[in-house]
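J.: Build me a model from this:
(2 chains)
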There are 2 protein chains.
Amino acid sequence: MRENELIDWISQNVGKHPSVPLGIGDDMAMVHVPTGEVLLKIDQALDQVHFDLRTHSPAQAGRKAVNRCLSDCAAMACLPAAFLVSVALPRGFDVSKAKELFIGCRDAAAVFDCPLVGGDTAVWDQRLAISVAAMGASTGRTITRNTAEPGDAICVSGQLGGSILSRHMNFVPRVKLSRELIHGLRLHALMDISDGLAMDLQRLLSASKCGATIYADKIPIHPDAIKLAETDGKPAIWHAMCDGEDYELLFTISISETEKLKTLSLEAPISVIGTINKTSDLVFLDKTGAKIPWPEGGWEHGAMENREPQTVDKTQAI
Amino acid sequence: MRENELIDWISQNVGKHPSVPLGIGDDMAMVHVPTGEVLLKIDQALDQVHFDLRTHSPAQAGRKAVNRCLSDCAAMACLPAAFLVSVALPRGFDVSKAKELFIGCRDAAAVFDCPLVGGDTAVWDQRLAISVAAMGASTGRTITRNTAEPGDAICVSGQLGGSILSRHMNFVPRVKLSRELIHGLRLHALMDISDGLAMDLQRLLSASKCGATIYADKIPIHPDAIKLAETDGKPAIWHAMCDGEDYELLFTISISETEKLKTLSLEAPISVIGTINKTSDLVFLDKTGAKIPWPEGGWEHGAMENREPQTVDKTQAI
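T.: This next block holds a predicted model:
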């Protein structure tokens, strides 16, 4: 099969979408957007960094690459509107695998009615590299990370930690939950947790120019974090706070809004883990009320540093 | 330097842009778009495929990666509105080189007032891979490749062939020329020539469901194609038609519009190389009017095939 044939096959298997008057086949795709603003993101998934073709299928790799971007759409409370994918294929990569990869990408986005509108394939003698760019349509209620307010309750969805055991490959991006939250609550600040709560909360605080008090016993610990703790001896809460790739939501709301949380029907449980402070202090309390150190070691990856390779998020959005 | 520091440095060196209310620093960037539709593209540039870090600087690599996407904006007659870049950095890649790469990307797009609005960096133990996604703002006059009409004159900008000698790294994407053409002429079909005229013209004809008569002696041959012909023995016209990475424009206009070409002040010379036929035949004539075979060998890269590695375009848009 020649590359043009693969692309023809992809074109035929994308399907039509009402918001895409011009899809695959020209120099660029044309996409209708409902308002005068769009949201944009690029992210990558690399073999033996974010996935491992020795154990994961090309479809899983494609799905993860797309879901990482969709998690960012959730994090901005926008609607995924279109995506593009570039793949650098290892020389000799089987055509059936390339199709599988494409199907993984397409189907992950189709869950949220988000069409593939273009891409690029190239061949090289290095490992598989996938880049996904997503465009989100603003619904007029984009929520950023820099708008937390003193007194806010700090909330997280789901359970955290230990995603390396399996969830990092098959998480569901919180696009639906994000819609539910934005319809049911007045969100102040919102982001996704991709580099570990310990680091991502600090980013939210830094962007919002405030501090927080966090209660250790309120952190929702995933059973996989406990499982991991049993094997490596680190505390489960360390895993819950420092492991990467939870792809859960972190948000703040007025304390008065927390009552509403109990009445909403939501895709995932929400935990209130603390409050926003006016000062920049980040206070971490154990269940006795004693101050304990904030865990370090979230995924701040030194791009310039040598670290041990791990199949978990090592990227950093700019 | 930690990766967060690199990203802070990049954020500080991007600058503000009036159409970007929310730039680098959140989960996605927000960009204002003037109309209800946008144009989207992703493309990649890989070390030792599209550039070679053994001879090219990171700034050159970044510039080329961006300019490839901007050439697609020219090819759709849209205005480059924003771009994103993902980079997979080889482990140990020097921070100064990463900055240089970023500056190359930023400055290439700044020529056309196109802001960098986001990106992603990751580290792996493979070669440098760059992906660029570009968004174009439609001006309401998007020109596609499927709208050539029988009787049209077929035109190309600049001179073709031999770009491997140097132009593939330092071409100027024809964004300005594209604007000049769309303001001065009624373009019927438009695309850029990235995989060689021989292949790209066939794509235009196939999309427009028509054929063409092309005059070999009207093809504008670049001096570099002649130079290359002297060393490898292939005819210069073969290089002009089959070499990749010209990044010139290929377009069609009514015959009556060709007179206007002489009156316009344009960024590059335009050659009328033939006419569109109603039938699907592709007729290639030498200067005596005799039929000669259409050259084969444009950059249709079999993604699944093993070919000799060459530092020239080996990608294929989907």
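
J.: which strand of chain A spans the most residues?
T.: Secondary structure of chain A per DSSP state E: the longest strand is strand A:79-90.

J.: mean confidence score for that strand?
T.: Over the span of strand A:79-90, the pLDDT mean works out to 97.

J.: Please, which helix or strand holds the nearest residue to residue A:278 once chain neighbours are set aside?
T.: With CB to CB, 6 or more residues apart in numbering or on different chains as the criterion, residue A:278 has its nearest non-adjacent residue at 4.0 Å, and that residue is residue A:150. All C-beta spots, glycine's among them, are computed from the backbone N, C-alpha and C. Secondary-structure element containing residue A:150, defined by DSSP states H and E: none, the residue being outside all helices and strands.

J.: just the strands in the stretch 101-250 of chain A please.
T.: In the stretch 101-250 of chain A, the segments counted as strands under DSSP state E, counting those that start in this stretch are A:116-124, A:129-137, A:153-157, A:189-193, A:211-215, A:248-253.

J.: gap between residue A:169 and chain B?
T.: 17 Å (CB to the nearest CB, to the nearest Å).

J.: can you pull the pLDDT of that residue?
T.: At residue A:169 the predicted local confidence, pLDDT, stands at 97.

J.: Next: residue A:309.
T.: The per-residue pLDDT reported for residue A:309 equals 35.

J.: quick one: low-confidence parts of the stretch 151-300 of chain A?
T.: Within the stretch 151-300 of chain A, the stretches with pLDDT under 70 are A:297-300.

J.: okay, the strands of the stretch 101-250 of chain A in a markdown table with mean neighbour count and distance to residue B:272 next?
T.: A markdown table is the format used below for the strands of the stretch 101-250 of chain A (neighbours: other CB atoms under 10 Å in any protein chain shown; distance: least, CB to CB, whole Å):
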| stretch | mean neighbour count | distance to residue B:272 |
| --- | --- | --- |
| strand A:116-124 | 26 | 31 |
| strand A:129-137 | 29 | 37 |
| strand A:153-157 | 24 | 61 |
| strand A:189-193 | 26 | 54 |
| strand A:211-215 | 20 | 68 |
| strand A:248-253 | 26 | 58 |
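
J.: May I see those strands arranged in a markdown table, with distance to residue A:224 as well?
T.: Supplementary listing: those in a markdown table, determined by distance: least, CB to CB, whole Å:
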| stretch | distance to residue A:224 |
| --- | --- |
| strand A:116-124 | 31 |
| strand A:129-137 | 25 |
| strand A:153-157 | 16 |
| strand A:189-193 | 15 |
| strand A:211-215 | 21 |
| strand A:248-253 | 13 |
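
J.: what ranges do the helices span in the stretch 51-200 of chain A?
T.: A:58-76, A:95-110, A:167-170, A:175-184, A:197-208 (DSSP state H, counting those that start in this stretch).

J.: tell me the most buried of those helices?
T.: Looking across the helices of the stretch 51-200 of chain A with neighbours counted as mean count of other CB atoms under 10 Å in any protein chain shown, the highest average goes to helix A:58-76: a mean of 27.

J.: which parts of the stretch 101-250 of chain A sit against chain B?
T.: On the criterion CB under 8 Å from any CB of the partner chain, chain B has as its neighbours in the stretch 101-250 of chain A the residues A:117-127, A:129, A:131, A:133-136, A:138, A:142, A:144-146, A:191-192, A:207.

J.: For burial, what's the neighbour tally of residue A:217?
T.: Residues lying near residue A:217 (other CB atoms under 10 Å in any protein chain shown) number 11.

J.: Repeat that for residue A:231.
T.: The number of residues packed near residue A:231 is 8, by other CB under 10 Å.

J.: now it: how far from chain B?
T.: Relative to chain B, and taking CB to the nearest CB, residue A:231 is found at 26 Å.

J.: again, but for residue A:172
T.: To chain B, residue A:172 is 17 Å away according to CB to the nearest CB.

J.: Test my guess that that residue contacts residue A:67.
T.: Yes. With contacts defined as CB atoms under 8 Å, residue A:172 counts as touching residue A:67 at a distance of 7.5 Å.

J.: and for those two, which residues touch both?
T.: When contacts are counted by CB atoms under 8 Å, 6 or more residues apart in numbering or on different chains, residue A:172 and residue A:67 have no shared neighbour.

J.: burial of the residue nearest to residue A:15 when sequence neighbours are not counted, as a residue count?
T.: Closest residue to residue A:15 in three dimensions, ignoring its sequence neighbours and counting by CB to CB, 6+ apart: residue A:115, at 7.6 Å. Applying other CB under 10 Å, we find 23 other residues in the vicinity of residue A:115.

J.: ok, residue A:115 - contacts?
T.: Residue A:115 neighbours (CB under 8 Å, 6+ apart): A:14-15, A:17, A:19-20, A:23, A:82-83, A:109.

J.: What pLDDT is listed against residue A:34?
T.: According to the model's per-residue confidence, residue A:34 sits at a pLDDT of 82.

J.: er, residue A:8 I mean
T.: In this model, residue A:8 is scored at 83, pLDDT.

J.: do the same with residue A:305
T.: At residue A:305, the predicted lDDT confidence score is 34.

J.: List the contacts of the most centrally placed residue in chain A.
T.: Closest to where the C-alpha atoms of chain A average out (CA atoms, centre = their mean) is residue A:71, at 3.5 Å. For residue A:71, the contacting residues are A:171, A:173-175, A:192, A:194, A:247, taking CB under 8 Å, 6+ apart as the criterion.

J.: Kindly recompute the last result at 7 Å.
T.: A:173-174, A:192, A:194, A:247 (CB atoms under 7 Å, 6 or more residues apart in numbering or on different chains).

J.: Need the nearest residue in space to it, chain neighbours excluded.
T.: residue A:173 (4.1 Å).

J.: do the same with residue A:236
T.: If you skip the residues right next to it in sequence, residue A:236 has residue A:229 as its closest partner in space, 4.0 Å away by CB to CB, 6+ apart.

J.: Against chain B, how distant is the one you found?
T.: Computed with CB to the nearest CB, the distance linking residue A:229 and chain B is 27 Å.

J.: part of a helix, is residue A:283?
T.: No. Residue A:283 is assigned strand when assessed by DSSP: H, G, I helix; E, B strand; the rest coil, not a helix.

J.: No more questions from me, cheers.
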